[in-house]
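*Asks:* Predicted coordinates and the sequence they were generated for:
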Amino acid sequence: MAKPRVIYWFRTDLRLHDSPALQAALDLEPDVLWPIFTWDPHYTLFPKLFKAWKPTHLVFEKDTDAYARSRDEAVAKAAQEAGVKVIVRSGRTLWDSDGIVEKHGGKPTMSITQLQAAGKKIGPVARPLPAPESLPDPGDMPVDFEQHFPDKSRDFNAGYRSEKDTGYNAIAGPNGDFAIETLEELGFSPATTPHRGGESIALKALDELIKNKRYTATFEKPKTSPAQFEPQSTTLLSPFFHFGALSVRLFYWRVHEVVESFGKGASTPPESLIGQVLFRDMYFAAQAALGQSFAQTATNAYCRFIPWHLPSKRNPETGFTTGDYHIDKPEAEEWFQRWKAGVTGFPWIDALMRQLKQEGWIHHLGRHSVACFLTRGGCYVDWERGAEVFEEWLIDHEPACNIGNWQWLACVAFFTQYFRCYSPITFGQKWDKNGDFIRRWVPELKKVKAKYIYEPWKMPLLDQKQAGVRVTGDGLSERQEGSYPKPMFDFNERRSICLSAMKNAYAVGLHGNDEKVLDGTWRSLFPSPDEAEVMGEYESDYGENADIGDEEDREKLDGDSAGIKRAARKNSTDAKIKKQKT
DNA sequence: AATGAGTTGGTCCG
DNA sequence: CGGACCAACTCATT
């Protein structure tokens, strides 16, 4: 019998160590093994490859991302039609995410307790497999068919290319060596990030971490500083996990060993290093259970509905295009743009957003800060808008973790304590009194006294002169030389408005799959934006305390808001009754 | 049904 | 720096 001819498709597993899928391919004892790194042109490429190379097997690591599922189904179908056997192995997570879902009754894991319980039912995390000593030769690769990128409309990076893209001109790359395309070959400018990838760098980074026994064994995420840089306070292994350059199970067992031998005083999940990868598995399994609806509010039974000022681009019915889906607040669009550009006028937020854009990575608590600020704790912009920006900019972007964490911070799923709100001023100060992190990323403020670095709008003119910066403008219009924008709103005012709006939304109690959300009738359950604005009381830090005037007005408004709240509670009760019925 | 816990807030007080 | 409080949600356990 002829020996197997195998195509190995690398996607989420750019490594040789601990790859169950690669091991499965090698276990076939193939005559030839072709490595393929292509990402999207598979729909047209694979049928051609099947015809030209006549493989017997196609092997790849399981990808439970919503988009990947449909892509892989299409490829499996094409393989079946060509008589090619498909082998898929789980290898991206501690446990197979579909297995976790199954043990959790087919439902998404919405807490770390649920994930741990389901993991326990499956059994211990698999021990990592060693890297193969050698790989079979790729052999002949007749490529006498159309090899160019087949569908330019699916080239989502087109807008970023400055040079000619030669990366897709040949199956084995420009040099015929199957090397992953360089940025230059893909037509991009040199990277702006100092972070570097690859399996050997990943393994070295893990070794360095493990050498530091105390750090590894006593790691507590909430105690690591989001303001620390060069070096940062956390491991920075997430990009390696994302690309599969480092096996999460290898990480798990090597950390486990250190924790065991450290004994008393070691940290435990969820704060510990092990806890971090447990959260990762939790989000993966949540997504595996919910599919595409996980990425959005619309149709998502596990996502609370909030009438954000700036809506998602998705329509509740179709999942796409902007719909009439929010309570109008014209300023919100500008707030979103200023947040994205790092010119909100709040230095702590701006520093984080600029670091994110430049380097593609910020500390987890920094992500908390900017995500809370954009959603429930400031701008009241839909979390889906923020998630899209992170998706584009993060070098460690993992769809499941990104979506899950945005839901967490927006308090629409996973987390509910919306009254715990990050301050763009005091949260950073807790870690970095002098504002060194701000000085690094917002150089306009480099010479500002520590007293004003988190609140430059409070700086007297004389101090502004001495620091060589004028606090003026909106950040978006053409910026004056040596200026830094004024804050885009009174944070305390916004915090108060958002809090009461969240309270109301919780009382109404709608979720993404509720009929009222999908047919638009949710509007009648929420106060108009003007009413919502005056529901919150606040002490202005800026001297111009909105419209709330004399005592009589205040009473009247409070009366109104109480009425709205009563209505909201009633609606909440209705919703609960409705749920019990179904 | 009641109770306690939940990775990662802010403010005030001592 | 530690704890009470803010105003109060949901889940897991009993």
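*Replies:* Happy to help now that I have it. The structure presented is a predicted model; accordingly, all values stated were derived computationally and were not measured.
*Asks:* Pop the domain breakdown of chain A in here.
*Replies:* Following automatic domain parsing, one finds the domains of chain A at A:1-92, A:199-290, A:296-447+A:487-582.
*Asks:* List the contacts of the residue nearest to A:F37 when sequence neighbours are not counted.
*Replies:* Using CB to CB, 6 or more residues apart in numbering and skipping the chain neighbours, the partner closest in space to A:F37 is A:F10 (5.1 Å). For the C-beta atoms, the positions are set from N, CA and C on the backbone; glycine is no exception. Contacts for A:F10 (CB atoms under 8 Å, 6 or more residues apart in numbering) come out as A:35-37, A:60.
*Asks:* same thing with A:P4?
*Replies:* Counting by CB under 8 Å, 6+ apart, A:P4 makes contact with A:28-31, A:56-57.
*Asks:* ok, back up a step: out of the contacts of A:F10, name the ones that lie in helices.
*Replies:* Using DSSP state H, no member of the contacts of A:F10 falls within helices.
*Asks:* can you pick the most crowded of those residues?
*Replies:* Among the contacts of A:F10, A:F60 has the most neighbours (other CB atoms under 10 Å), with 26 neighbours.
*Asks:* how about the residues of chain A near DNA strand B?
*Replies:* With CB under 7 Å from any atom of the strand as the criterion, chain A meets DNA strand B at residues A:111-113, A:220-222, A:270-271, A:275-276, A:279, A:364-365, A:368, A:408, A:415-417, A:419-423, A:426-427, A:430.
*Asks:* hang on, the earlier thing: would you show me how to pick out the buried ones of the contacts of A:P4 in ChimeraX?
*Replies:* The following ChimeraX line selects those of those that are buried, judged by 16 or more other CB atoms under 10 Å:
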select /A:28,30,56,57
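*Asks:* So A:K357 sits against A:D350, correct?
*Replies:* No - using CB atoms under 8 Å, A:K357 makes no contact with A:D350, being 10.6 Å away.
*Asks:* and the closest residue to DNA strand B within the stretch 51-200 of chain A, what is it in contact with?
*Replies:* The stretch 51-200 of chain A approaches DNA strand B most closely through A:I112 (4.8 Å), counting by CB to the nearest atom of the strand. The neighbours of A:I112, taking CB under 8 Å, 6+ apart as the test, are A:269-270, A:275, A:278-279, A:282.
*Asks:* Return the subset of those residues lying in strands.
*Replies:* Judged by DSSP state E, strands contain none of these.
*Asks:* Take those and write them to CSV, including neighbour count and pLDDT.
*Replies:* Below are the contacts of A:I112 laid out as CSV (neighbours: other CB atoms under 10 Å; pLDDT from 0 to 100):
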residue, neighbour count, pLDDT
A:P269, 15, 93
A:P270, 19, 93
A:G275, 18, 95
A:L278, 18, 96
A:F279, 20, 96
A:M282, 29, 97
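*Asks:* Let me know the closest of those to DNA strand C.
*Replies:* Minimum distance to DNA strand C across those is 11.0 Å, recorded for A:M282 (CB to the nearest atom of the strand).
*Asks:* element containing the closest residue to the closest one other than its chain neighbours?
*Replies:* Counting by CB to CB, 6+ apart, A:M282 lies nearest to A:L115, which is 4.0 Å off, once chain neighbours are set aside. Per DSSP states H and E: A:L115 is located in helix A:112-122.
*Asks:* likewise A:I7?
*Replies:* strand A:5-9.
*Asks:* Low-confidence ranges, the stretch 451-582 of chain A, go.
*Replies:* Low-confidence segments of the stretch 451-582 of chain A, defined by pLDDT under 70: A:528-582.
*Asks:* how about a cut-off of 90?
*Replies:* In the predicted model of the stretch 451-582 of chain A, residues A:475-481, A:515-582 satisfy pLDDT under 90.
*Asks:* For it, just list every one of the strands.
*Replies:* With strands called from DSSP state E, counting those that start in this stretch, the stretch 451-582 of chain A shows them at A:470-471, A:483-484.
*Asks:* Adding distance to DNA strand C and mean neighbour count, write these out as JSON lines.
*Replies:* Formatted as JSON lines, the strands of the stretch 451-582 of chain A follow (distance: least, CB to the nearest atom of the strand, whole Å; neighbours: other CB atoms under 10 Å):
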{"stretch": "strand A:470-471", "distance to DNA strand C": "30", "mean neighbour count": "20"}
{"stretch": "strand A:483-484", "distance to DNA strand C": "30", "mean neighbour count": "20"}
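*Asks:* Any idea which of those strands gets closest to A:V88?
*Replies:* Proximity to A:V88 (CB to CB) singles out strand A:483-484 among these, at 52.2 Å.
*Asks:* what pairs with the closest one, and is each one parallel or antiparallel?
*Replies:* Sheet pairing of strand A:483-484 (DSSP bridges) gives strand A:470-471 (parallel).
*Asks:* can you list the residues of the stretch 301-450 of chain A near DNA strand C?
*Replies:* So far as CB under 7 Å from any atom of the strand goes, the stretch 301-450 of chain A lies against DNA strand C at A:416-417, A:419.
*Asks:* which of those count as buried?
*Replies:* Of those, not one counts as buried by 16+ other CB under 10 Å.
*Asks:* Which one of these is nearest to DNA strand B?
*Replies:* In terms of CB to the nearest atom of the strand, no member of these lies closer to DNA strand B than A:T416, at 5.1 Å.
*Asks:* what residues are up against that closest one?
*Replies:* Counting by CB under 8 Å, 6+ apart, A:T416 has contacts A:Y506.
*Asks:* Where does it sit: helix, strand or coil?
*Replies:* Under DSSP: H, G, I helix; E, B strand; the rest coil, A:T416 falls in the coil class.
*Asks:* For the stretch 1-150 of chain A, which residues are neighbours of DNA strand C?
*Replies:* So the stretch 1-150 of chain A meets DNA strand C at A:110-111, A:113-114, A:117 (CB under 7 Å from any atom of the strand).
*Asks:* Residue of the stretch 201-350 of chain A closest to DNA strand C, please.
*Replies:* A:R304 (7.1 Å).
*Asks:* So in terms of bridging, what pairs with that residue?
*Replies:* Legend: beta-bridge partners of A:R304 under DSSP bridges are A:H511.
*Asks:* What pLDDT is listed against it?
*Replies:* pLDDT for A:R304: 95.
*Asks:* Make a markdown table from the residues of the stretch 301-450 of chain A next to DNA strand C and add pLDDT to it.
*Replies:* A markdown table is the format used below for those (pLDDT from 0 to 100):
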| residue | pLDDT |
| --- | --- |
| A:T416 | 95 |
| A:Q417 | 94 |
| A:F419 | 93 |
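*Asks:* Nearest to DNA strand C among those?
*Replies:* Nearest member of those to DNA strand C, counting by CB to the nearest atom of the strand, is A:T416, at 4.0 Å.
*Asks:* doesn't A:T299 fall inside a strand?
*Replies:* No - counting by three-state DSSP, A:T299 is not part of a strand but coil.
*Asks:* Quick check: it touching A:N513?
*Replies:* Yes - at 5.4 Å, A:T299 counts as touching A:N513 under the criterion of CB under 8 Å.
*Asks:* All good on my end, thank you.
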